[in-house]
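Peer 1: My questions concern the predicted model and sequence given below.
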Amino acid sequence: MNKGIASILLLIFSNVFMTLAWYGHLKLKEIDSFSSLPLFGVILLSWGIAFFEYCMQVPANRIGFSGNGGPFNIIQLKVIQEVVSLLVFIVISLLLFRNTTLKWNHLIAFICIILAVYFVFKD
């Protein structure tokens, strides 16, 4: 498999775990067995989920980094990660938090991020 594609796929899966670790606990409050979990327990649960994020994030960066034979420089990797993070966040927030709505200003912000990707890859 192409190193660039492998890196991006790992970033996607990594960001699913990251988004669930950072925001999933807000949805867990609705489940009886988790609703009484103290903050420290929620932190430990989030760290447990984030472990899997790191298991994919670190290899994604190693595989994709040009210093290791990958196609992306460090800045390109970071911008790709941010775009992937936002796209994954949007999908998960729309699926888990039904009262979330995307508005015109969100679309404009995403267009700006897409422009950032364009400029970071431009020589």
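Peer 2: Thanks, I have the structure now. Note that the coordinates shown come from a computational prediction; the quantities given were computed from them, not determined experimentally.
Peer 1: any idea of the mean pLDDT in stretch 15-27?
Peer 2: Taken as a whole, stretch 15-27 has a mean pLDDT of 91.
Peer 1: Report the backbone C-alpha coordinates of that stretch in PDB.
Peer 2: Provided in PDB are the C-alpha atoms of stretch 15-27 (Å, rounded to 0.1, in the frame of the first residue of the first chain):
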ATOM      1  CA  ASN A  15      -8.900  10.500  15.100                       C
ATOM      2  CA  VAL A  16     -12.000   8.300  15.600                       C
ATOM      3  CA  PHE A  17     -10.500   7.200  18.900                       C
ATOM      4  CA  MET A  18      -9.300  10.700  19.700                       C
ATOM      5  CA  THR A  19     -12.800  12.200  19.100                       C
ATOM      6  CA  LEU A  20     -14.400   9.500  21.200                       C
ATOM      7  CA  ALA A  21     -11.900  10.000  24.000                       C
ATOM      8  CA  TRP A  22     -12.300  13.800  24.000                       C
ATOM      9  CA  TYR A  23     -16.100  14.000  23.400                       C
ATOM     10  CA  GLY A  24     -17.600  10.600  23.800                       C
ATOM     11  CA  HIS A  25     -17.800  10.900  27.600                       C
ATOM     12  CA  LEU A  26     -20.400  13.700  27.100                       C
ATOM     13  CA  LYS A  27     -22.700  11.100  25.500                       C
END
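Peer 1: can you pull the buried residues of that stretch?
Peer 2: By neighbour count with 16 or more other Cβ atoms under 10 Å, stretch 15-27 contains the buried residues 15, 16, 17, 18, 19, 20, 21, 22, 24, 25. Quick note: C-beta positions are derived from backbone N, CA and C, even for glycine.
Peer 1: again with stretch 67-84
Peer 2: Per 16+ other Cβ under 10 Å, stretch 67-84 contains these buried residues: 70, 72, 76, 77, 79, 80, 81, 83, 84.
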